[in-house]
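J.: pasted the sequence and its predicted model underneath.
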Amino acid sequence: MPELPEVETIKNTLLPKLVGRRIMGATVHLPRLIKRPAAQEFVSLLGGKEVLDLSRRGKYLLLHLSEGYCLVFHLRMTGRLLYLPAAAPVDKHTHLIIHLDNGEQLRFHDLRTFGTIYLVREGELDQIRGLACLGPEPLGPQFTPAYLKEVLAGRRTTIKGALLNQELLAGLGNIYVDESLFRAGIHPARQAASLTGEEVARLHRAICEVLKEGIRYRGTSVRDYVDGEGKAGGFQKRLAVYGRGGQPCVKCGATLEKVRLAGRGSVYCPCCQPLKCDTK
DNA sequence: AATTGTACCTGTCAGC
DNA sequence: TGCTGACAGGTACAAT
């Protein structure tokens, strides 16, 4: 479940450890996670490259390497990127080990093996489709109430479905969508296009606030997430609705309800997030 | 064209 | 005790 705040935290924890390091080699345990190029070429290309910088785009983590290469990770649900000493035990969920020139390692660990790894030239990043099709960064200048209003208008899906769509807005996942909708007082099953200007403004503010708080508390560790140093985040203690179905609402005490929307478990307060009549 | 459903995975937990 | 099935959910792709 690494979403924007988790990937941002991983980037922040890895940045000081990786920048300036040279890659001495790589060991691949599960080649199918490497989407391009083929694992053998992936390993030979990585050798000798220096890590120049790290960045995040949506839920993607990018390692900018020397000679114009970029190593791209998507952690999907259970992926982890860990900076560890070479002597640390390697468990069965470690699928890629990158050997660094100081004897430390960067390991890709993924219980469910949904994660994806790419090594491409900086100029060819748009060949990674999911990355190329991302909508604006929610904490960037392009994400304004007007933008949100515009992309929700004319859409025939629920607000929950729309906010999970990475092409509309990059980086939100199930946790932060549910939390944002709760803060904005909007029912997740509302038709996206039915939101009023005032509701869109509230939702815009809620998304920005929830994401900033998520980053400030170093991400949400519900089950799998840890940062680049293996440390859990703290935002799970501040969740108002996610994972709290059947429990009392923190605002009004009503019992939180759980439904399935856009294929995801969705928790909301029936009192604070009323479902108004939508005109279909 | 846009939206919905399913596959991809493995571990955990409730229920029997 | 040990089994079964539901569930966890991001994205690509198939189906509608």
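T.: In hand now; what should we look at?
J.: how close does A:L134 sit to A:S44?
T.: Distance from A:L134 to A:S44, counting by CB to CB, to the nearest Å: 30 Å. (C-beta placed from N, C-alpha, C; glycine too.)
J.: same drill for those two, tell me which one is more crowded.
T.: A:L134 (19 against 12; other CB atoms under 10 Å).
J.: quick check: the more buried one touching A:N165?
T.: No - look at A:L134 against A:N165 with CB atoms under 8 Å: they stay out of range, at 10.4 Å.
J.: any shared contact partners between the two?
T.: Taking CB atoms under 8 Å, 6 or more residues apart in numbering as the contact criterion, A:L134 and A:N165 have no common neighbours.
J.: three-state assignment of A:L96?
T.: At A:L96, secondary structure determined by DSSP: H, G, I helix; E, B strand; the rest coil is strand.
J.: got a pLDDT number for A:D278?
T.: We have a pLDDT of 48 for A:D278.
J.: and A:T196, by the same measure?
T.: Looking at A:T196, its pLDDT is 95.
J.: that one and DNA strand C, how far apart?
T.: Per CB to the nearest atom of the strand, to the nearest Å, A:T196 is found 26 Å from DNA strand C.
J.: that residue: neighbour count?
T.: A:T196 is flanked by 10 other residues according to other CB under 10 Å.
J.: the one 3 residues further on now?
T.: By the other CB under 10 Å criterion, the neighbourhood of A:E199 contains 18 residues.
J.: can you check A:G253 too?
T.: 9.
J.: could you do A:L18 as well?
T.: 23.
J.: now the one 5 residues further on
T.: For A:I23, the neighbour count with other CB under 10 Å is 23.
J.: am I right that it is in contact with A:K49?
T.: Yes - the pair A:I23 / A:K49 is scored as a contact, 5.0 Å apart, by CB under 8 Å.
J.: overlap of the contact sets of the two?
T.: A:L65.
J.: is DNA strand C contacted by stretch A:149-167?
T.: Yes - judged by CB under 7 Å from any atom of the strand, stretch A:149-167 and DNA strand C are in contact via A:164, A:166.
J.: quick check: end-to-end length of that stretch?
T.: Stretch A:149-167 has its terminal residues 15 Å apart, counting by CA to CA, to the nearest Å.
J.: how distant is it from the center of its chain?
T.: Averaged C-alpha coordinates place stretch A:149-167 at 18 Å from its chain's average position (CA atoms, centre = their mean, to the nearest Å).
J.: got the buried residues for that stretch?
T.: A:149, A:151-152, A:155, A:157-166 (16 or more other CB atoms under 10 Å).
J.: what's the farthest-apart pair in these?
T.: A:K149 and A:Q166 (18.9 Å; CB to CB).
J.: helices along the stretch 1-150 of chain A, start to end?
T.: Counting by DSSP state H, counting those that start in this stretch, the stretch 1-150 of chain A has helices at residues A:4-18, A:39-46, A:129-132, A:145-152.
J.: brilliant, that's me finished.
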